[in-house]
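> attaching a predicted model along with its sequence, questions to come.
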4 protein chains.
Amino acid sequence: MPRTSLDAAEPAGPAARRKRGRPPVRHLEEQRRAQIIASAVAVFVERGYHATTMSDIARHAGIGQGTIYRYVPSKRELLDLVFDFSVEEVISVVRPALAADEPLSDPAELLARVEAALSAVVDAFDRRPELLSLVLVEAGAIDEELKLRVLGLEATLTRMLAGLFEDAQEAGLLRAGMDPEVCGLLATKLLLPAGLREVRGQRDPATRDRYRAALIDLARHALLAEDAQP
Amino acid sequence: MPRTSLDAAEPAGPAARRKRGRPPVRHLEEQRRAQIIASAVAVFVERGYHATTMSDIARHAGIGQGTIYRYVPSKRELLDLVFDFSVEEVISVVRPALAADEPLSDPAELLARVEAALSAVVDAFDRRPELLSLVLVEAGAIDEELKLRVLGLEATLTRMLAGLFEDAQEAGLLRAGMDPEVCGLLATKLLLPAGLREVRGQRDPATRDRYRAALIDLARHALLAEDAQP
Amino acid sequence: MPRTSLDAAEPAGPAARRKRGRPPVRHLEEQRRAQIIASAVAVFVERGYHATTMSDIARHAGIGQGTIYRYVPSKRELLDLVFDFSVEEVISVVRPALAADEPLSDPAELLARVEAALSAVVDAFDRRPELLSLVLVEAGAIDEELKLRVLGLEATLTRMLAGLFEDAQEAGLLRAGMDPEVCGLLATKLLLPAGLREVRGQRDPATRDRYRAALIDLARHALLAEDAQP
Amino acid sequence: MPRTSLDAAEPAGPAARRKRGRPPVRHLEEQRRAQIIASAVAVFVERGYHATTMSDIARHAGIGQGTIYRYVPSKRELLDLVFDFSVEEVISVVRPALAADEPLSDPAELLARVEAALSAVVDAFDRRPELLSLVLVEAGAIDEELKLRVLGLEATLTRMLAGLFEDAQEAGLLRAGMDPEVCGLLATKLLLPAGLREVRGQRDPATRDRYRAALIDLARHALLAEDAQP
DNA sequence: CATGAATGAGTCTTCATTCAT
DNA sequence: AATGAATGAAGACTCATTCAT
């Protein structure tokens, strides 16, 4: 159980703690909250939000049920925190894969970039499928507010992908008539479900690879300008 | 409540033993069940499955809560019925759009077919967005069994779309190296979320049309064989 | 199903019914009520009062649930009727076995009478064990009123048995110091459970016969005056 | 709530790792459960099992309804616990009255033993009449499983009584032809209802004493060998 | 008169939240 | 600060009873 990080933080001893007075408490509070969120993620993913009781989470976190309420005001707000956490994770997983260190210059570069992004995203979701499950499956079904936040996440991803395609357009790599924004939208629609399938249990590597290859191929023919075709 | 003239139909029977008492209203069972399912769809979509009480549904249907249990054994099984109903609707909406009256012969035909299918599906989901919401958003978050049924629905849609692309392949219209099955998969991933966006409230016709046009364009370039390009 | 008696009553035809105007209706009403009570006895015994629904009874009687309420005002009052019916049956089973056609004259006669009574009662309960089950097991657990009626039944039986022993006392057959009333009490305590055991499923004839023989023997030695011992 | 000084007992422990938080009250579980069972006994006896709501029991115990479910999984299992408790009480009341410290030697001893047993049992049931009510009246009417457990209790009592009579037989005190097992059966049938009458409200000491005396007398004449008659 | 459809009062049970220790 | 015991509001579900046909 995630006790580790806490235990590691404590051995500094009372002497060390007194030296600077306050900060450690802040830290402790954050750590506890993180511990609770992590457990909530785990249990929400396994059982689903509604089927999960606060006791489940407390047990998973190895703390008393009452303790949760010292760090989180309610189950609903815990879900918010979990959502925030998951979104951050998803974004942090996707952003580096799309990050452009330098401007695009040639078609192969764009394709490579797209392929890299695609692989990174799919691989990442492969490693932490719970995140998508929470963000896409659970959250959408809770209430209006969360539904909006899910939309917001999708918009963010779309924006990030659109950025990539805008770069490509500026470099004259995009096929005439292609709207970077819409490309971003398409890509989002194709990427998220890609991860989602993993979540839902269809863990068939062969199918996945065929799907991935098809996506790359699709990108090559659909996105690139005619004269940019490799 | 509509009262069909069933009594008139009965006396014709031989050995017309005049049954005592109020005659059971024929089709009452199906009618009531349908009425309840319709109300359940409406309320589930508005509030979500868990936030919906049986009383809500009863109130919406204009009947007593107890009455529901004459036609449906439990809330969970009502959701099953709602899911069945929604799936049937989704399928019935998609199938005709994909139905091939005659074999594909030329590239324009395939593109037209794809475009027609796309439009039909998007339009249809535009008209009954609740269905997708239920099928894709709610159902996935309830329990394992329903999650599997959602996967089943997706597989069915994929199969239907794959059929279209197989026809195209046989007609030599598909680009070399394209796997019809994977094309079906991609198309499913692009179509379902297309409807889903409507569900989630982004009802912006301009964006939708751009998205739709992009899909067509994508199909043209990605799917068609080079020499089949119009 | 108990339809028989009803069908047999009807064939008199409308003409016959009109002749004397009213009585047949009375009869019909009584018959229906009897039919309902019979079904109630059957189902109450099988499932127990609380686990039995009015629909169960209606189904068993082959009538609609609503019909019951034309003959019986409520489930609770139906139980009263069932209790009345059962008590009457129990009494009618026990009374003839105890009926003294002529005064007791010699010890053998008394013993024979007791043995006959015993056998009759045990045999009777053997044939209709449901009655005791209802009267002793179910009824006692329903409410205060019925508990009192159960006590009343026991008192009645005690009285009947006491009568037998009073006769014996008058004939000088009873051992000195025996109180006929108390003898009746003892006998009731021994007889009712005798039947009860059958009800509860211990249907072992060998044990039953041993029990019966022991009762007789006990009666011989405990009740008879010394000089009356055969 | 009684608060035993448990904290004083703890620090003695080795490796006295000072657990954070409120220390669990030792024996709280058993205490609460016992408290709940006691209340359940009281209310079940007064109202009957079916007419008793969990709220009734909670109110009687002075706790919230929810609290019951921390200690008892369901109403039905609470009845099981109540039954267990009652059976244990009944047995613990009867056993000492039958306990044979030393082998039987003379007829007076047997009679005395029987009389003592009888008195003890009747007196005991006089003091806690609810127990029998629950065990014999309520339990028999709930479901098949409990009916069997009632039979089991009767069998146990029968066995215990039979043991007494076997001793008597070995000592040559039992009248020829008497079967100890059957004697046990008869005695059970006479003892249980003896208590039962109290339960059902016939609290007439005069009658009770006459009944008791008659039982003793019956035992003297019916059980003892001729030459053992005092 | 008989029927079965409709109903809602009443129960068990769960669980987020509070609070004494 | 942490805990776990206590709680009561809320919801699914049953079934005796009513009543239109």
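Thanks, I have the structure now. Numbering: from 1, shown residues only, chains lettered A, B, ... in the order given.
> going forward, measure contacts and count neighbours with C-alpha atoms only.
Will do.
> in contact with the residue of chain A found nearest chain D, which residues?
Nearest to chain D in chain A, going by C-alpha to the nearest C-alpha, is residue A:64, at a distance of 8.8 Å. Residues in contact with residue A:64 (C-alpha atoms under 8 Å, 6 or more residues apart in numbering or on different chains) are A:55, A:58.
> need the helices for chain A, in chain order.
Taking DSSP state H to define them, one finds helices in chain A at A:3-9, A:13-19, A:23-47, A:54-61, A:65-71, A:75-98, A:107-127, A:129-132, A:144-170, A:180-199, A:205-223.
> can you list the buried residues in the fourth one?
Right, the one you point to is helix A:54-61. A:54, A:56, A:57, A:58, A:60, A:61 (16 or more other C-alpha atoms under 10 Å in any protein chain shown).
> a markdown table for the residues you listed, including distance to residue B:135?
Below are the buried residues of helix A:54-61 laid out as a markdown table (distance: C-alpha to C-alpha, whole Å):
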| residue | distance to residue B:135 |
| --- | --- |
| A:54 | 28 |
| A:56 | 28 |
| A:57 | 28 |
| A:58 | 32 |
| A:60 | 31 |
| A:61 | 33 |
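> could you pull up phi and psi at the residue of chain A closest to chain D?
Backbone torsions for residue A:64, taken as degrees, to the nearest 10, come to phi -80, psi 150.
> one step back: okay if I get the helices of chain A as JSON lines plus mean pLDDT and distance to DNA strand F?
JSON lines is the format used below for these (pLDDT from 0 to 100; distance: least, C-alpha to the nearest atom of the strand, whole Å):
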{"stretch": "helix A:3-9", "mean pLDDT": "37", "distance to DNA strand F": "10"}
{"stretch": "helix A:13-19", "mean pLDDT": "44", "distance to DNA strand F": "14"}
{"stretch": "helix A:23-47", "mean pLDDT": "87", "distance to DNA strand F": "7"}
{"stretch": "helix A:54-61", "mean pLDDT": "97", "distance to DNA strand F": "8"}
{"stretch": "helix A:65-71", "mean pLDDT": "97", "distance to DNA strand F": "3"}
{"stretch": "helix A:75-98", "mean pLDDT": "87", "distance to DNA strand F": "13"}
{"stretch": "helix A:107-127", "mean pLDDT": "74", "distance to DNA strand F": "30"}
{"stretch": "helix A:129-132", "mean pLDDT": "75", "distance to DNA strand F": "26"}
{"stretch": "helix A:144-170", "mean pLDDT": "86", "distance to DNA strand F": "17"}
{"stretch": "helix A:180-199", "mean pLDDT": "73", "distance to DNA strand F": "28"}
{"stretch": "helix A:205-223", "mean pLDDT": "77", "distance to DNA strand F": "39"}
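> close to DNA strand E: what parts of chain A are there?
A:50-55, A:65-67, A:69, A:73-76 (C-alpha under 7 Å from any atom of the strand).
> let's see the ChimeraX selection covering just the buried ones among the residues you listed.
ChimeraX command restricting these to the buried ones, with burial defined by 16+ other C-alpha under 10 Å:
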select /A:52,53,54,65,75
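> which of the residues of chain A next to DNA strand E are close to chain B?
residue A:50 (C-alpha under 8 Å from any C-alpha of the partner chain).
> take the residues of chain A next to DNA strand E and write them to CSV, including distance to residue C:88.
Output for the residues of chain A next to DNA strand E, formatted as CSV (distance: C-alpha to C-alpha, whole Å):
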residue, distance to residue C:88
A:50, 57
A:51, 56
A:52, 58
A:53, 57
A:54, 60
A:55, 59
A:65, 62
A:66, 63
A:67, 66
A:69, 66
A:73, 67
A:74, 64
A:75, 63
A:76, 64
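> going by distance to chain B, which of the residues of chain A next to DNA strand E wins?
residue A:50 (7.5 Å).
> mind giving me the domain ranges of chain A?
A:3-72, A:79-228 (automatic domain parsing).
> quick one, which of those is nearest to residue D:117?
domain A:3-72 (52.6 Å; C-alpha to C-alpha).
> quick one on the thing from earlier: ranking the helices of chain A by burial, who's on top?
helix A:129-132 (a mean of 24; mean count of other C-alpha atoms under 10 Å in any protein chain shown).
> check which helices and strands that helix sits against.
helix A:23-47, helix A:75-98, helix A:180-199 (3 or more C-alpha pairs under 8 Å, 6 or more residues apart in numbering or on different chains; DSSP states H and E).
> swap the cut-off to 7 Å and go again
On a contact count with 3 or more C-alpha pairs under 7 Å, 6 or more residues apart in numbering or on different chains; DSSP states H and E, helix A:129-132 meets helix A:180-199.
> any idea how far residue A:65 is from residue A:54?
The gap separating residue A:65 from residue A:54 is 6 Å, by C-alpha to C-alpha, to the nearest Å.
> cool, and residue A:132?
22 Å.
> which one is residue A:37 nearest to, not counting chain neighbours?
Spatial nearest neighbour of residue A:37, chain neighbours left out: residue A:82 (5.8 Å); criterion: C-alpha to C-alpha, 6 or more residues apart in numbering or on different chains.
> so the one you found touches residue A:41, yeah?
Yes - contact criterion C-alpha atoms under 7 Å: residue A:82 and residue A:41 qualify, at 6.2 Å.
> from the buried residues of helix A:54-61, which is closest to residue C:120?
Among these, and counting by C-alpha to C-alpha, the member closest to residue C:120 is residue A:56, at 64.4 Å.
> pull the contacting residues for residue A:43.
A:52, A:57 (C-alpha atoms under 7 Å, 6 or more residues apart in numbering or on different chains).
> go on, residue A:216?
Here residue A:216 is in contact with residue A:115 (C-alpha under 7 Å, 6+ apart).
> could you do residue A:49 as well?
residue A:138.
> and it, its phi and psi?
The phi/psi pair for residue A:49 (degrees, to the nearest 10) is phi -60, psi -50.
> could you report the pLDDT at it?
pLDDT, residue A:49: 93.
> in space, what's closest to the residue nearest to the spatial centre of chain A - neighbours in sequence excluded?
Central residue check for chain A by C-alpha atoms, centre = their mean: the C-alpha nearest the mean position is that of residue A:90, 1.1 Å away. Among residues not flanking residue A:90 along the chain, residue A:131 sits closest, at 7.0 Å (C-alpha to C-alpha, 6+ apart).
> so how far is residue A:89 from the one you found?
Residue A:131 is 8 Å from residue A:89, by C-alpha to C-alpha.
> now residue A:80
14 Å.
> then residue A:221?
32 Å.
> what of residue A:71?
The value you get for residue A:71 to residue A:89, if C-alpha to C-alpha is used, is 21 Å.
> for residue A:71, see how far away the residue nearest to residue A:90 is.
Counting by C-alpha to C-alpha, the gap from residue A:131 to residue A:71 is 22 Å.
> now swap in residue A:170 and tell me
Computed as C-alpha to C-alpha, the residue A:170 to residue A:71 distance reads 48 Å.
> now do residue A:222
50 Å.
> just residue A:52 next, same as before
18 Å.
> go on, residue A:157?
Residue A:157 is 30 Å from residue A:71, by C-alpha to C-alpha.
> can you check residue A:214 too?
In terms of C-alpha to C-alpha, residue A:214 sits 46 Å off from residue A:71.
> list the contacts of residue A:85.
Residue A:85 neighbours (C-alpha under 7 Å, 6+ apart): none.
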